[in-house]
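> Next input, structure requested:
(3 chains)
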Amino acid sequence: MNSEQQPIDPEVATEILIPAALHLREMRQSSAQQGEMPFAIVQGKAMTELPKDLYIPPEALEVFLEAFEGPLDLLLYLIKRQNIDILEINVAAITEQYMQYVNMMSAMQFELAAEYLLMAAMLAEIKSRMLLPRSADEEEEEEDPRAQLIRRLQEYERFKKAAADVDALPRVSREIHLVSVDLPDLNKTKPEPLVDLKELMVALADVLRRADLFESHHVQKEKLSTRERMSEVLARLSPNRFTPFVSLFTAEEGRLGVVVTFLAVMELIKEQLIEIIQAEDFGPIHVKAKVA
Amino acid sequence: MTIANDLLQRIIEGVLLAAGKPLTVEELGGLFEDHERPSNDAVRAALAAIGEQGTGRGFQLREVASGFRFQVVQEVAPWIAKLWEEKPQKYSRALLETLALIAYRQPITRGDIEDIRGVAVASNIIKTLLEREWVRVVGHKDVPGRPAMYATTRKFLDYFNLQNLDDLPTLAEIRDLDTMNTELALEGIDTEMVALETEAETPNADEENAVAQATPEAAEAVADDDAAPSIANEV
Amino acid sequence: MTIANDLLQRIIEGVLLAAGKPLTVEELGGLFEDHERPSNDAVRAALAAIGEQGTGRGFQLREVASGFRFQVVQEVAPWIAKLWEEKPQKYSRALLETLALIAYRQPITRGDIEDIRGVAVASNIIKTLLEREWVRVVGHKDVPGRPAMYATTRKFLDYFNLQNLDDLPTLAEIRDLDTMNTELALEGIDTEMVALETEAETPNADEENAVAQATPEAAEAVADDDAAPSIANEV
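Numbers count the residues shown, from 1 in each chain, chains lettered A, B, ... in the order given. Next up, the predicted model:
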């Protein structure tokens, strides 16, 4: 059976095909004799072989079989058909009916699922045990097979009902429809990776250790403000024109700022990144970037 | 300063319409920057207000297992069906019975399902249920072969419009076995033996009922348990 | 007999929300059976009424070229965008090291960075840092090839919540690995080696910390002291 799409409507099977199959069974029953079991009475003559133009085509019987979810389901159907309670089943009668179906199926050379044959064997056993007197010992040792069967039927029936209940629940894209609307202009941008300062420090610790730079006292003692100012000074200078040296200093920064800028300029000269020029003695000092 | 109430309502309404999936109160709150983030109570209040505004309209706010979502009122479903040529999918009884057993008896192995249904469970049924993410493997039973144990997911609850397992239809009860005793006695079977059996079976039946009728809290806990492993499944 | 007005409104509203595409007045009318089919004017009136109800809410009815459709209001866009916000990726270790070296050794050329790291710096790392505006070119070194010299920007300081570069931990603090052991362990660095180094360097580290916490006056003095060695320094 297909899990996605049920190929046969069980209603068709139960309303049309099963009565047809039962008709066949009843015809067979009415002429039931010991020994050979005729399939049908055709024009007063018992048929023991399937006629080629069987009025229930094998496909229909297959449909009939597929209408059931296994032997328990078939048994439940047989019980319900008789309008009796599960607790009141007559094992002998049910076994009889069940066997007739199974025999019909095997006569049609259907590959009956093993479960059907297993159930047939179990029913036959229950039936025989019901007929035989049992000793008290046996009764204490073994569970009554009929009670076990009834419990299995009840348990199966619960979940058969539960499956129908679940099927009846409102579900998405049948009774429940989710909403879908147009979105406004979201102006989506890819988020930039986040960096924690600690991550940056760990990376630095790592690279410095690799380069053995922890051993360098110069690196350790260097004030970062000097290097920062070096960058700032460099960014303001052009290789194409001279910038007055004094313009690099701002009074508002105070003495510390002046010192830092001065150190930065010294360092830039040392690293040969800038040129410093004084055209005449005591004349204005100019600086320019060596290359930009 | 948190966001003004009317703006909060518009945002939640717009986001839920746009999301295409249910969102929890926490997920909704998480959309806001820290400085404007409304309290969970404020989000809940806004959701309640939105729910009231929706009364009598073509759509409604609904809380399902994974959070809040907008859905069209069921009354309109017949006209929506005309929009689409395809009929909604039908599921086989085999699939529905398997799903029902997993839903009511979780965690459950394939073998347990087969025992109750009396037939083999086709592999493609389990595959379909797993693919739809209605069920997932929650562990393996400590018996030979270590069979997988299945349970339902939040997605299953969402799909069937449920908030938790407690919302499932009540499972039919197994009828009193005392009646069965009488019947059996009539057939000449030793009633004493059956009586023993009844005792043995009763706790089981109670246990199942307990699952089906669990308190909302317990059912929620089950749903919560669903969350993490279902993520693990995806990996 | 045609359908009642309020039901018609609910149906149109529900259908438009479920459709997932714009629908015309004719398409909406076509959803009804002949005997209940509303006139196009009735559909238009219902659409107008729905449009009015939507005022001040998180979504609105819009007429586009191919019909009517609900749309979330533009105002809510930023929060919807958050819904689908991609998780930011992480920067590579190589990028972080490059950034750290630019911060501590600026102005610095790519060649200098490669000398210290011992490996080539991929172009896309520099490009990423420039695009993010965390570093900028402040000049070119007067050596063959005239390599660019990189320095950090104000944006870099802002991102890491620093007033100026002096707020960066000193190298001594970085070396004071006690606080960073956890991170290092996470990064899979041999902690034993780190422990040894910490021991050996401890006296030095204390000295550095003292400098870092010095008063402005002291800092000035230190800056003076630093001048000569830092100029002498070549990496």
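
> Every contact and neighbour count from this point should use C-alpha atoms.
OK.

> which residues in the chain form strands?
Let's take chain A. Listed in chain order, the strands of chain A (DSSP state E) span residues A:40-42, A:45-47, A:177-178, A:243-244, A:274-278, A:285-289.

> Let me rephrase: I mean chain B.
Using DSSP E, strands in chain B cover B:59-64, B:67-72, B:108-109, B:135-140, B:148-152.

> Would you mind giving those strands as TSV with distance to chain C, mean neighbour count and mean pLDDT added?
Formatted as TSV, those follow (distance: least, CA to the nearest CA, whole Å; neighbours: other CA atoms under 10 Å in any protein chain shown; pLDDT from 0 to 100):
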stretch	distance to chain C	mean neighbour count	mean pLDDT
strand B:59-64	6	21	94
strand B:67-72	5	23	95
strand B:108-109	36	22	96
strand B:135-140	26	20	96
strand B:148-152	26	23	97
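
> can you list the ones you listed in TSV and add distance to B:Arg175?
What follows is those, written out as TSV (distance: least, CA to CA, whole Å):
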stretch	distance to B:Arg175
strand B:59-64	33
strand B:67-72	37
strand B:108-109	23
strand B:135-140	29
strand B:148-152	26
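
> picking that back up, ranking the strands of chain A by burial, who's on top?
Highest mean neighbour count among the strands of chain A (mean count of other CA atoms under 10 Å in any protein chain shown): strand A:177-178, with a mean of 23.

> strands paired with that one, and their directions?
Strand A:177-178 has its sheet partners listed here by DSSP bridges as strand B:67-72 (antiparallel).

> re earlier: between the strands of chain A, which one is closest to C:Ile174.
strand A:274-278 (31.7 Å; CA to CA).

> Who are the contact partners of A:Ala93?
For A:Ala93, the contact set (CA atoms under 8 Å, 6 or more residues apart in numbering or on different chains) is empty.

> Skipping its backbone neighbours, what lies nearest the most centrally placed residue in chain B in space?
Centroid-nearest residue in chain B, with CA atoms, centre = their mean: B:Leu157, separated by 3.2 Å. The spatially closest residue to B:Leu157, leaving aside those adjacent along the chain, is B:Ala65, at 5.8 Å (CA to CA, 6 or more residues apart in numbering or on different chains).

> That neighbour is in contact with B:Phe160, isn't it?
No: using CA atoms under 8 Å, B:Ala65 is not in contact with B:Phe160, being 9.8 Å away.

> re the thing from before, using CSV, please lay out the strands of chain A together with mean pLDDT.
Below are those laid out as CSV (pLDDT from 0 to 100):
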stretch, mean pLDDT
strand A:40-42, 50
strand A:45-47, 54
strand A:177-178, 90
strand A:243-244, 86
strand A:274-278, 82
strand A:285-289, 84
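
> To what extent is B:Gly56 buried, counted in neighbours?
Look at B:Gly56: counted by other CA atoms under 10 Å in any protein chain shown, it has 13 neighbours.

> where does it fall, phi/psi-wise?
Note on B:Gly56: its backbone torsions stand at phi 80, psi 10 [degrees, to the nearest 10].

> Contact partners for the residue nearest to it when sequence neighbours are not counted?
Among residues not flanking B:Gly56 along the chain, C:Arg10 sits closest, at 7.6 Å (CA to CA, 6+ apart). For C:Arg10, the contact set (CA under 8 Å, 6+ apart) comprises B:Gly56, B:Arg57, B:Gly58, B:Phe59, B:Val76.

> measure C:Arg10 to C:Asp158 for me?
Distance, C:Arg10 to C:Asp158, using CA to CA, to the nearest Å: 53 Å.

> cool, and A:Ala67?
A:Ala67 is 73 Å from C:Asp158, by CA to CA.

> Chain C contacts on the stretch 51-200 of chain A?
Counting by CA under 8 Å from any CA of the partner chain, the stretch 51-200 of chain A comes close to chain C at A:177-188, A:190-197, A:199-200.

> 10 Å instead, please
A:173, A:176-200 (CA under 10 Å from any CA of the partner chain).

> Show only the entries of those residues found in helices.
A:Leu197, A:Lys198, A:Glu199, A:Leu200 (DSSP state H).

> ok, longest helix in chain A?
The longest helix of chain A (DSSP H) is helix A:145-168.

> Mind listing what's buried along it?
Of all the residues in helix A:145-168, those buried under the rule 16 or more other CA atoms under 10 Å in any protein chain shown are A:145-147, A:149-163, A:165-167.

> near chain B, which of those show up?
A:146-147, A:150-163, A:165-167.

> Show me the domain layout of chain B.
With domains defined by automatic domain parsing, chain B comprises B:5-83, B:93-226.

> where's the residue nearest to B:Gly56 relative to chain A, distance?
14 Å (CA to the nearest CA, to the nearest Å).

> list residues touching both of B:Ala65 and B:Phe160?
B:Arg154 (CA atoms under 10 Å, 6 or more residues apart in numbering or on different chains).

> Just the helices from chain B, written as ranges.
Under DSSP H, chain B gives helices at B:5-19, B:25-29, B:40-53, B:77-83, B:93-105, B:110-117, B:123-131, B:154-159, B:177-186, B:191-212, B:216-234.

> centre of the chain versus the fourth one, how much separation?
I take that to be helix B:77-83. Offset of helix B:77-83 from its chain centre (CA atoms, centre = their mean, to the nearest Å): 26 Å.

> before we move on, what about stretch B:110-129?
Relative to the centre of its chain, stretch B:110-129 is centred 19 Å away, using CA atoms, centre = their mean.

> Could you do stretch B:68-77 as well?
Averaging C-alpha positions (CA atoms, centre = their mean) puts stretch B:68-77 18 Å from its chain's average.

> list the contacts for the residue lying closest to A:Arg146 once chain neighbours are set aside?
Among residues not flanking A:Arg146 along the chain, A:Ile126 sits closest, at 6.4 Å (CA to CA, 6+ apart). A:Ile126 is in contact with A:Val91, A:Ala92, A:Thr95, A:Ala120, A:Leu132, A:Asp144, A:Pro145, A:Arg146, A:Leu149, counting by CA under 10 Å, 6+ apart.
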